[in-house]
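Peer 1: Turn this into a model:
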Amino acid sequence: MGLQPSTVTVNTLIKGLCIRNQVGEALDFYDDIMAKGFQLNEVSYGTLVNGLCKLGKLRSAIKLVRKMERHSVKPHVVIYTTIIDSLCKCGQIVEAHAFKGQWQEANWLLHEMVLLIAIEPDVYMFNILIGAFCKEGKIIEAEVALGRMMKCGEIPTVVTYNSLMDGYCSMDNVNESKEVFNKMIRSGLAPTVVSFNILIDGLCKSNMVEEAKVPFKEMGHKSVDPNAWTYNSPIHGMCRLGKMSSVQDLVDDMHDSGVAPDVVACNILLNAFCKSRNIDQGIALFQQMVALGVQPNLRTLNILIYGLCKGDRVNDAWEILNTF
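Peer 2: Below you'll find the predicted structure:
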């Protein structure tokens, strides 16, 4: 018939194939129509890049961006964000020797966006980078990314500050994490339950359980409802210090606040009872846990079996084992 498909038609076909995870077929279709002289737009390329990234084919996605540039199609910020996000996530699971290359690629793409193509990264992209840097303990790089973010006129969000807080806590620098928390409040942002949880958890892991009571109380003043994670950190800290009366107060407060204990909380308490040779209390807790609908996991079983065997109660251990 001699009819040329429209860009909308082509984009619809490519999107349909990618949605069905037929990215290989979509790329074959791309090669075919490009060979016939048909020009794709940034939507077509964006769909293909997204499909490749979802399959973990990051090198192919980057090569496709290079093809875009050769065909005079300017990549938009979403395409770069998709690739950088995938590179950062991949960087968290690849082995150390390959990891360095992933970071170099992500940094180069950001550099390319800003200096070569004059695309300004948005706050979402910066948060991806800062979060990934912090997870990998690269706090200096995260601070550099924050500086670049602010230089680009992007305002840090609660997500930005939470990532930095978590990064400092993971490096056992809870004091700097507190500084970031206070800076967030001074900037006019309202900390979320995640913000408080990061700080409380960091303090408790640094054996600063008493200091953790300050942000814990502040949550009430700011009308931020605690969740199971909020309680798990101080419960674990108090158990580690052997302050079981304080643990009971926290459990009671947890109940009064309407927060249901999860398997993590139950395992923390169970471990504390078994270590202090209060096996009967441990069994009672296990039974209560099951009655409340909390699903025990393998760690629950290991703690209980170990405690019972250490207390010369092998028959009870077998009985518990048979209930799983």
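
Peer 1: can you pull the contacts of residue 269?
Peer 2: 235, 239, 247, 251, 285 (C-beta atoms under 8 Å, 6 or more residues apart in numbering). Bear in mind the C-beta positions are built from the backbone N, C-alpha and C, glycine included.

Peer 1: what does residue 65 give?
Peer 2: 45, 49, 75, 79, 80, 83.

Peer 1: Was I right to think the fifth one contacts residue 125?
Peer 2: By that I understand residue 80. Yes: using C-beta atoms under 8 Å, residue 80 is in contact with residue 125, at 7.0 Å.

Peer 1: circling back: filter the contacts of residue 65 down to the ones in helices?
Peer 2: 45, 49, 79, 80, 83 (DSSP state H).

Peer 1: Out of those residues, which comes closest to residue 156?
Peer 2: For the ones in helices among the contacts of residue 65, the minimum distance to residue 156 (C-beta to C-beta) is 19.8 Å, reached by residue 80.

Peer 1: and the closest residue to residue 320 other than its chain neighbours, what pLDDT?
Peer 2: Distance criterion C-beta to C-beta, 6 or more residues apart in numbering; nearest residue to residue 320, sequence neighbours excluded, is residue 304 at 5.6 Å. Per-residue pLDDT puts residue 304 at 83.

Peer 1: Which strands or helices does the host helix or strand of residue 304 pack on?
Peer 2: If you go by DSSP states H and E, residue 304 is part of helix 298-310. Helix 298-310 sits against helix 263-275, helix 279-291, helix 314-323, with contacts defined as 3 or more C-beta pairs under 8 Å, 6 or more residues apart in numbering; DSSP states H and E.

Peer 1: how many degrees apart are the first one and helix 298-310 in direction?
Peer 2: Between helix 263-275 and helix 298-310, the angle formed by their directions is 10 degrees, by axes from the mean of the first three to the mean of the last three C-alpha atoms, to 10 degrees.

Peer 1: Quick one: mean pLDDT for helix 263-275?
Peer 2: 86.

Peer 1: Repeat that for the shortest one.
Peer 2: The predicted model assigns helix 314-323 a mean pLDDT of 78.

Peer 1: follow-up on the earlier one: among the contacts of residue 269, who's most crowded?
Peer 2: residue 235 (25 neighbours; other C-beta atoms under 10 Å).

Peer 1: Now do the SS call for that one.
Peer 2: helix (DSSP: H, G, I helix; E, B strand; the rest coil).

Peer 1: Give me the residues contacting stretch 224-244.
Peer 2: Residues contacting stretch 224-244 (C-beta under 8 Å, 6+ apart): 191-193, 196-197, 200-201, 204-205, 207, 209, 212-213, 216, 219, 246-247, 250-251, 253-254, 257, 259-262, 264-265, 268-269, 271-272, 276.

Peer 1: got the residue ranges for the strands in the stretch 1-150 of the chain?
Peer 2: With DSSP state E, counting those that start in this stretch, there are no strands along the stretch 1-150 of the chain.

Peer 1: One more: the stretch 151-300 of the chain?
Peer 2: Going by DSSP E, counting those that start in this stretch, the stretch 151-300 of the chain shows no strands.

Peer 1: Pass me the low-pLDDT residue ranges in it, would you?
Peer 2: Filtered on pLDDT under 70, the stretch 151-300 of the chain yields no residues whatsoever.

Peer 1: Then the stretch 1-150 of the chain?
Peer 2: For the stretch 1-150 of the chain (pLDDT under 70), the answer is 1-5, 90-120.

Peer 1: run the last query once more with 80
Peer 2: Along the stretch 1-150 of the chain, the model assigns pLDDT under 80 to residues 1-6, 69, 71-72, 74-78, 80-81, 83-121, 136.

Peer 1: any chance of the contacts of residue 269 in TSV, plus distance to residue 15?
Peer 2: Converted to TSV, these look like this (distance: C-beta to C-beta, whole Å):
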residue	distance to residue 15
235	49
239	53
247	54
251	52
285	53
